[in-house]
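Participant: Can you look at this prediction? I've put the sequence above it.
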Amino acid sequence: MTNPPFGDLLRARARQAELALESPEIDQLQRYLALLTTWNRAINLTALPLEPPTEQTVDRLFIEPLAAAQFLRGLRERIPNPESRIPVWFDLGSGGGSPAIPMKIALPSLDLTMVESRSRKSTFLQEVIRTLDLDRTRVERVRFEVLSADSSSVDCITCRALRTSPILQDFARRLLRPGGWLLLFSSSRTLEPFEGFTTIETVELPGSHDSFLHVLARMFHVEQTG
């Protein structure tokens, strides 16, 4: 049995996840997959099968980020008086570009900075930005721990496959504005407490394996104890 074309597989998995996709979005996602497939032959961007992509590949690299983007869009709509400025979003350890690239395709109005310290992976991300002509998207080739950015200036941080270390917590507290969101992709339903954050929701992401999105909000103040 031959595998269905990527576009057909993507549409089928999106329907199952109750996600709406427009033709321009599907076209951009297909172009992203083509770049990912070509570059993955030379550098290790993902261990998931790409030639051809399996249902698990489509779920992990595309459906999960698109579901997260839909949830993030819903969070923004809950704000009574959203600010007129463009929301600032950082993705940490962007690697092969998922979840950041599919989320950016679904949320083109956000200002995205992908943080990736490894040279070849950051070069790949730059090529994705150029080929897909993604506006308000850039790459910082630096470890996030030493990233220079204005304090409390970021509205949203996303990350996958990063340990929830004190370093990550300190970074998120430093960059996120009060009320800003930290979105953590995880294979675990539970998450250790984050000092200075409150958990808004834990969302089970659609797909062929257990994946969860932990949504935390930076508190407006941290109560001192002791």
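Facilitator: Noted; the coordinates are in hand. Numbering: from 1, shown residues only.
Participant: give me every residue that touches Gln126.
Facilitator: Contacts for Gln126 (Cβ atoms under 8 Å, 6 or more residues apart in numbering) come out as Val139. To be clear about C-beta, it is placed using only N, CA and C from the backbone, and glycine gets the same treatment.
Participant: all strands of this protein, in order?
Facilitator: Here the chain has its strands, by DSSP state E, at 88-92, 111-115, 137-140, 154-160, 176-186, 197-204, 212-218.
Participant: Can you say which of the ones you listed is nearest to Leu66?
Facilitator: Set against Leu66 and scored by Cβ to Cβ, these come closest in strand 212-218, at 11.7 Å.
Participant: before we move on, back to that, using a markdown table, lay out the strands of the chain together with mean neighbour count.
Facilitator: Putting the strands of the chain into a markdown table (neighbours: other Cβ atoms under 10 Å) gives the following:
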| stretch | mean neighbour count |
| --- | --- |
| strand 88-92 | 25 |
| strand 111-115 | 23 |
| strand 137-140 | 20 |
| strand 154-160 | 23 |
| strand 176-186 | 20 |
| strand 197-204 | 14 |
| strand 212-218 | 20 |
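Participant: To Arg13, which of those strands lies closest?
Facilitator: strand 197-204 (15.6 Å).
Participant: is it possible to export the strands of the chain to JSON lines including mean pLDDT?
Facilitator: Output for these, formatted as JSON lines (pLDDT from 0 to 100):
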{"stretch": "strand 88-92", "mean pLDDT": "94"}
{"stretch": "strand 111-115", "mean pLDDT": "96"}
{"stretch": "strand 137-140", "mean pLDDT": "97"}
{"stretch": "strand 154-160", "mean pLDDT": "92"}
{"stretch": "strand 176-186", "mean pLDDT": "92"}
{"stretch": "strand 197-204", "mean pLDDT": "92"}
{"stretch": "strand 212-218", "mean pLDDT": "93"}
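Participant: Now tabulate these in JSON lines and tack on distance to Leu147.
Facilitator: Listed next are the strands of the chain as JSON lines, based on distance: least, Cβ to Cβ, whole Å:
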{"stretch": "strand 88-92", "distance to Leu147": "8"}
{"stretch": "strand 111-115", "distance to Leu147": "6"}
{"stretch": "strand 137-140", "distance to Leu147": "6"}
{"stretch": "strand 154-160", "distance to Leu147": "10"}
{"stretch": "strand 176-186", "distance to Leu147": "13"}
{"stretch": "strand 197-204", "distance to Leu147": "19"}
{"stretch": "strand 212-218", "distance to Leu147": "17"}
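Participant: quick one, which of those is nearest to Gly7?
Facilitator: With Cβ to Cβ as the yardstick, what comes closest out of these is strand 137-140 (23.2 Å).
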